[in-house]
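[1] no sequence on this one, just coordinates:
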């Protein structure tokens, strides 16, 4: 996680600096607003990743460990991958008809809305991802104290304060 | 207190350089549709990636035919092959389809197909969301092209749709709206794909695939997707404002109501400049993969390559107004400086590509030929880019054919050549069969000659003052011969695509069986069967460097870590 949030926050910082220089040099509004948007968007994303990293107490995931083995993640923690589904196509068609309504007139909403609403319902009841929290993170969350980094067998996990 | 004590330790039977034999995961098999049902409902990233790439290639052929139409119009002075209005529609839709339907989405298709394979993931992070973004993209393609079927024809104001030309007075009728909505739909599709790819790369890497072991292709796609995330929302908002101007009588871009036409230029180019890097960076990744594999060497300067990609991505967001020098309303030194700075990381990339080939065992097959063609052509486009980044020169050359030539050297000589390289490189993975090398080399020769014959004379045309986007020109301006030359080249380029098309259709059925790893590849997509099974991998080699498969296949030549 560390490289991820550092990269994104770095990009945010870069845009922030560019934005400041641009504003004081050109005093032009549009570009400043756009650069500010870029700064804020990356700040939000990088900040989220930073928070996730903190929530894990810096415990690296197996994809962040240089010497990780496949046995560590085999089975339940890999992710949730639904089978084939018709609902995305229905929703896509609905989305296209929203566009068509914006071109040719509002009555196309009569087609678009049922498609979108129906697909949202179908999609959401179709299947549900099982809750998926790795054991050591769950344990850390519950106890939240005194995790000895040596027990987690990792190089770049800082001790939890 | 031990937390992970009861977890299994490292596999004793899997030392560095051998395959883990047991299956990675157990999946409950879902229904497996076939044919059209599979095409419509599949959540498999490979199927969706192929959908993207095939649709994008159809877009390439469509827009390519439009280009042939335009070049036929320009073959001789005062020609009347098409009317000026049709010509304007052709040039608008050529640009729009090439950028929004072909080059970008082809890269998204590669991201869909290749990225999960290269990081050892079973699928994209949000498979159904992925399917949705394909449908929005296809809808956008159909809607924007459908403009040709309306009474007033398709949009005719150029692919960057400058403000007064796009309002309800200058562009009446649904054609312009269809252009606008079509782009918005592909824009949403792009944003969804970006979210999906970023999540996949951040959360679904195989154990041991740390960020700095990911193939350069994955890094480039990641940076591209971050650019998409920033650029496309801006474009979609700008299009929303334009739609409001056209339908709700607002005045965002109307000076009469207190709006600013130049606002559109700022919004469009704040999208538009990162966009051309969105269309280039994935293809930088493609050529990096091809060069490394075909030279049988690790990527030279791996971290420098990543740093260069990140710098290009960052800088690309601060250079948008170099398209607007001649408006007189932008800060020239700021944009000139940042634009010129981009040459530095691009130079690093060229150095590293050549460094990767240096003293390698090079296989000069079709994929590698297209890649070397890419290097030469993209370098040329980059150099004219440096020329255009300098305000004094840009004031001379703005809106001339010099810009057209520059842009096509970057986008065709660069990205499209890399598209062909990617087809020849990864086709065995998609289908399990090899493409024919003779047809491929014929295609390369025709494309290389035709492309240069088309666009090299356009530099000179621009220097002679020929303006872009004109449908007719007089015979006494000195443009005649160069235009005839350029059109001849365009025909040769068009013919050059045909061998590849024949090759694809022929080799899908009768090509030589490829096997899992025809190129002695280095990255994980070659560790699975061709085409890969559902959820991709039966087993994976341990990942201990940026080329895990090479290490598994060549235990005596392990990749040095930390070079």
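    Structure's in. What do you need? This is a predicted model, so every value here is computed, not measured.
[2] show me the shaky parts of chain A.
    Scanning chain A for pLDDT under 70 picks out A:73-80, A:127-161.
[3] please redo it, this time with the cut-off set to 90
    A:1-3, A:26-29, A:52-87, A:105-106, A:122-161 (pLDDT under 90).
[4] go on, the stretch 151-300 of chain B?
    Counting by pLDDT under 90, the stretch 151-300 of chain B has low-confidence residues at B:151-156, B:158, B:160-161, B:163-174, B:203-208, B:249, B:254-260.
[5] quick one: the helices in it?
    Ranges of helices within the stretch 151-300 of chain B are B:163-166, B:174-203, B:216-247, B:261-278, B:281-295, based on DSSP state H, counting those that start in this stretch.
[6] now do the stretch 1-150 of chain B
    Secondary structure of the stretch 1-150 of chain B, counting by DSSP H, counting those that start in this stretch: helices at B:35-41, B:45-73, B:84-96, B:104-118, B:127-146.
[7] before we move on, what about chain A?
    Applying DSSP state H to chain A gives helices spanning A:2-26, A:29-55, A:87-104, A:109-126, A:135-143, A:149-152.
[8] flag every buried residue along the third one.
    Within helix A:87-104, the residues scored as buried using 16 or more other Cβ atoms under 10 Å in any protein chain shown are A:87-103. For the C-beta atoms, the positions are set from N, CA and C on the backbone; glycine is no exception.
[9] filter those by proximity to chain B?
    Subset of the buried residues of helix A:87-104 in contact with chain B: A:87, A:88, A:89, A:91, A:92, A:93, A:95, A:96, A:99, A:100, A:102, A:103, counting by Cβ under 8 Å from any Cβ of the partner chain.
[10] out of those, which comes closest to residue B:255?
    Closest approach between these and residue B:255, by Cβ to Cβ: residue A:102, at 24.9 Å.
[11] which residue sits closest to the closest one, ignoring its sequence neighbours?
    Among residues not flanking residue A:102 along the chain, residue B:181 sits closest, at 5.7 Å (Cβ to Cβ, 6 or more residues apart in numbering or on different chains).
[12] neighbours of that neighbour, just the number please.
    25 (other Cβ atoms under 10 Å in any protein chain shown).
[13] residue contacts, the residue lying closest to residue A:36 once chain neighbours are set aside?
    Leaving out its chain neighbours, the residue that sits closest to residue A:36 by Cβ to Cβ, 6+ apart is residue A:19, at 5.4 Å. Residue A:19 makes contacts with A:32, A:35, A:36, A:38, A:39, as judged by Cβ atoms under 8 Å, 6 or more residues apart in numbering or on different chains.
[14] same thing with residue B:237?
    Neighbour list for residue B:237: residue B:267 [criterion: Cβ under 8 Å, 6+ apart].
[15] quick one: it from residue B:60, how far?
    From residue B:237 across to residue B:60, the span is 28 Å (Cβ to Cβ, to the nearest Å).
[16] what residues does residue B:209 make contact with?
    Contacts of residue B:209 by Cβ under 8 Å, 6+ apart are A:63, B:119, B:120, B:543.
[17] count the neighbours of the first one for me.
    Other residues lying near residue A:63 total 26 when counted by other Cβ under 10 Å.
[18] so it touches residue B:206, yeah?
    Yes. In this structure residue A:63 lies within contact range of residue B:206 using Cβ atoms under 8 Å: 6.7 Å.
[19] neighbours of the closest residue in space to residue B:192 that isn't next to it in sequence, just the number please.
    Excluding the flanking residues, the one nearest residue B:192 by Cβ to Cβ, 6+ apart is residue B:133, at 3.7 Å. By the criterion of other Cβ under 10 Å, residue B:133 has 27 neighbours.
[20] circling back: make CSV out of the helices of the stretch 151-300 of chain B and add distance to residue B:304.
    Conversion of these to CSV gives the following (distance: least, Cβ to Cβ, whole Å):
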stretch, distance to residue B:304
helix B:163-166, 42
helix B:174-203, 20
helix B:216-247, 11
helix B:261-278, 18
helix B:281-295, 12
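[21] winner for burial among the ones you listed?
    Of these, the one with the most neighbours on average (mean count of other Cβ atoms under 10 Å in any protein chain shown) is helix B:281-295, at a mean of 27.
[22] sorry, back to before: who wins on neighbours among the contacts of residue B:209?
    In terms of neighbour count, residue B:543 stands highest of the contacts of residue B:209 at 28 neighbours, by other Cβ under 10 Å.
[23] and the gap between the nearest residue to that residue once chain neighbours are set aside and residue B:117?
    Residue nearest to residue B:543 in three dimensions, not counting chain neighbours: residue B:208, with 3.7 Å by Cβ to Cβ, 6+ apart. To residue B:117, residue B:208 is 16 Å away according to Cβ to Cβ.
[24] also residue B:477?
    Distance from residue B:477 to residue B:117, by Cβ to Cβ: 53 Å.
[25] and those two? Which one has more around it.
    residue B:117 (25 against 12).
[26] let me see the contact set for that one.
    B:429, B:524, B:525, B:528, B:532, B:536.
[27] on that earlier part again, shouldn't the residue nearest to residue B:543 be in contact with residue A:68?
    Yes. Contact criterion Cβ under 8 Å: residue B:208 and residue A:68 qualify, at 4.4 Å.
[28] any residues in contact with both of these two?
    Counting by Cβ under 8 Å, 6+ apart, the contacts common to residue B:208 and residue A:68 are residue A:62.
[29] and residue B:301, what does it touch?
    Residue B:301 touches B:348, B:351, B:352, B:355, counting by Cβ under 8 Å, 6+ apart.
[30] got it, and residue B:43?
    Residue B:43 neighbours (Cβ under 8 Å, 6+ apart): A:81, A:82, A:83, A:84, A:85, A:88, B:123, B:127, B:128, B:130, B:131.
[31] for the residues you listed, which one is nearest residue A:24?
    Looking across the contacts of residue B:43 and measuring by Cβ to Cβ, the closest to residue A:24 is residue B:130, at 42.8 Å.
[32] burial count for that closest one?
    Residue B:130 is flanked by 28 other residues according to other Cβ under 10 Å.
[33] wait, it sits on residue B:196?
    Yes. Judged on Cβ under 8 Å, residue B:130 makes contact with residue B:196 at a distance of 5.4 Å.
[34] contacts only, for residue 50.
    Answering for chain A, as no chain was given. Residues near residue A:50 by Cβ under 8 Å, 6+ apart: A:5, A:9.
[35] hmm, no, I was thinking of chain B.
    B:109, B:113, B:430.
[36] quick check: residue B:384 touching residue B:462?
    No. Using Cβ under 8 Å, residue B:384 is not in contact with residue B:462, being 9.5 Å away.
[37] distance of the closest residue to residue B:224 other than its chain neighbours from chain A?
    Leaving out its chain neighbours, the residue that sits closest to residue B:224 by Cβ to Cβ, 6+ apart is residue B:281, at 4.5 Å. Going from residue B:281 to chain A by Cβ to the nearest Cβ, to the nearest Å gives 14 Å.
[38] this completes my enquiry, with thanks.
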